[in-house]
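**Q** Below is the sequence, then the predicted model.
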Amino acid sequence: MGSYLLVFLAAAATSFVATPVVRLLSLRFGWIDRPSDRKVHPRPTPTAGGLAIFLGVAVGIGVSHLIPFLAGLHELSSDTDAALLAALVIVVVGFLDDTRGVSPLGKLAGQVLAAGLLVLYGVQLLYFYVPGLGTVVLDPSLGVPLTVLWVVATVNAVNLIDGLDGLASGMVTIGAVAFFIYMYWGPGPNGEATTAALLSAVAAGAAVGFLPWNLHPARIFMGDSGAMLLGLVMGVATVSGVGRNAYGPTGGDLAAIAIPVVVPLLVLAVPILDVVLAIVRRMRRGVGILHADKEHIHHRLLDIGHSHRQAVLLMYLWSALISGCALAVAFLNGRLLVGGTIVAAGLIAAVLPRVIRDTSPRGSEGVRVALSGEAPSGRAASAGAPADATSGRVKDSA
């Protein structure tokens, strides 16, 4: 555990120190995310924070080479080298989109290229655990496209939730920590270093280091360069952890429910659900699935009256509850205990948002008022627009 903690701290410290430097560069070279008719954050804000996150990831992996417990991983596997190369590609694509703009198809092509490089370097789904059947070996004709599809999905899942200040970095931290716990204490030989746990610690550290600068009101955005990078690192971690592990789940009689492929799905459940809902929503309306809208989960939380911070904290809570349920199913014994945990988490997730809902106009109306300068209507007319509405930010996610 101590070795992983050192990697986490190295990634976090690097990301934290590098972020204000990247912010100054953004101001100097005009890497600014400006308000427009497709975006509702009301003031120009430096972007391309993904450059600092990339430095955190690179330093975290570099430090692992110096730690005896983790150094052997790099001799036995090329996963970390593949992750760095693919990360560089995805950061370049994201940086171009942050600063110059890239078409949705162009971004997708860059994501597929990064995922393809991972496969070429050997990062590929090899095994699939099926309860009752054991471990099934995947043929390359199936494993390769599934690997590319999964990596592209995680990249876009994190990118889509990067719509509120601090949301993506916080949720990646929660998911990475949960997956680290699963890989550290879960199936497989105990006491051995794993690439999945290493990359989870790196992702969590890089995201945590960036988070203080990205909390509401954000002083810098991570941009597509940062969101897609974090999604890619999590994608490599999950592929390495569940698709390269021939060991089945351990634990109680319900542990089989937490088959390895389901654990990362649950850990990343909120962003993946957002992707699925967006695709269904756009297909029903007859528009392209890459068409941007403002109806993601975080937008809806704002629309029903939650403040910016409340919406972010609620999504943190949902992510933590779902990740906790995944770990409970994987490690706890007994149907009653696991079932009770899941039911309690579900009740909290369903009830709490309405209990703490703010009745002041801090949703889309509050943002509209801040942008237009018009007098708020109804209750807002008597209470006035909230002070933090003018510094809020809602990304018009694709």
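**A** All right, it came through fine.
**Q** Okay, helices next: where are they in the stretch 201-350 of the chain?
**A** Using DSSP state H, counting those that start in this stretch, the helices of the stretch 201-350 of the chain run over residues 223-242, 262-267, 269-284, 297-303, 308-331, 335-355.
**Q** Pick out the shakiest of these, pLDDT-wise.
**A** Lowest mean pLDDT of those: helix 262-267, a mean of 57.
**Q** any low-confidence regions in the stretch 101-250 of the chain?
**A** Residue ranges of the stretch 101-250 of the chain with pLDDT under 70: 128-135, 187-191, 243-250.
**Q** switch to 50 and redo it
**A** Low-confidence segments of the stretch 101-250 of the chain, defined by pLDDT under 50: 249.
**Q** out of all of them, which helix in the protein is the longest?
**A** For the chain, the longest helix by residue count, based on DSSP state H, is helix 2-29.
**Q** Next, the angle from it to helix 223-242.
**A** Angle, helix 2-29 to helix 223-242, by axes from the mean of the first three to the mean of the last three C-alpha atoms, to 10 degrees: 160 degrees.
**Q** Counting neighbours, what do you get for the closest residue to V123 other than its chain neighbours?
**A** Excluding its sequence neighbours, the residue lying closest to V123 (C-beta to C-beta, 6 or more residues apart in numbering) is A82, at 5.0 Å. All C-beta spots, glycine's among them, are computed from the backbone N, C-alpha and C. By other C-beta atoms under 10 Å, 22 other residues sit near A82.
**Q** name the helices or strands packed onto the helix or strand hosting A82?
**A** If you go by DSSP states H and E, A82 is part of helix 79-99. Where contact means 3 or more C-beta pairs under 8 Å, 6 or more residues apart in numbering; DSSP states H and E, helix 79-99 is packed against helix 50-66, helix 68-76, helix 104-120, helix 195-214, helix 223-242.
**Q** Can you lay out the ones you listed as a markdown table showing mean neighbour count?
**A** Formatted as a markdown table, these follow (neighbours: other C-beta atoms under 10 Å):
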| stretch | mean neighbour count |
| --- | --- |
| helix 50-66 | 23 |
| helix 68-76 | 14 |
| helix 104-120 | 19 |
| helix 195-214 | 28 |
| helix 223-242 | 30 |
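**Q** so which of the ones you listed comes closest to L138?
**A** Go through those one by one with C-beta to C-beta and the one that ends up closest to L138 is helix 223-242, at 11.5 Å.
**Q** just checking, what packs against that closest one?
**A** Counting contacts by 3+ C-beta pairs under 8 Å, 6+ apart, helix 223-242 is packed against helix 50-66, helix 79-99, helix 104-120, helix 140-161, helix 167-185, helix 195-214, helix 262-267.
**Q** Which one, of those helices, ends up nearest to V312?
**A** Here helix 167-185 is closest among those (C-beta to C-beta), at 5.2 Å.
**Q** Kindly calculate the angle that that closest one makes with helix 50-66.
**A** Here helix 167-185 runs at an angle of 20 degrees relative to helix 50-66 (the same axes, to 10 degrees).
**Q** Can you lay out the helices and strands packed on helix 223-242 as JSON lines showing distance to V236?
**A** Formatted as JSON lines, these follow (distance: least, C-beta to C-beta, whole Å):
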{"stretch": "helix 50-66", "distance to V236": "11"}
{"stretch": "helix 79-99", "distance to V236": "5"}
{"stretch": "helix 104-120", "distance to V236": "6"}
{"stretch": "helix 140-161", "distance to V236": "7"}
{"stretch": "helix 167-185", "distance to V236": "12"}
{"stretch": "helix 195-214", "distance to V236": "6"}
{"stretch": "helix 262-267", "distance to V236": "11"}
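**Q** Out of these, the one nearest L277 is which?
**A** Closest of the helices and strands packed on helix 223-242 to L277 is helix 140-161, at 9.9 Å (criterion: C-beta to C-beta).
**Q** circling back to that earlier point, so who does the residue nearest to V123 touch?
**A** The neighbours of A82, taking C-beta atoms under 8 Å, 6 or more residues apart in numbering as the test, are 117-118, 120-123, 236.
**Q** what comes up buried for stretch 146-155?
**A** 146-148, 150-155 (16 or more other C-beta atoms under 10 Å).
**Q** avg pLDDT for stretch 15-28?
**A** Across stretch 15-28, the average pLDDT comes to 97.
**Q** still on that earlier bit, can you tell me which two in the contacts of A82 are farthest apart?
**A** Spatial extent of the contacts of A82 (C-beta to C-beta) is set by the pair L120 and V236 at 13.3 Å.
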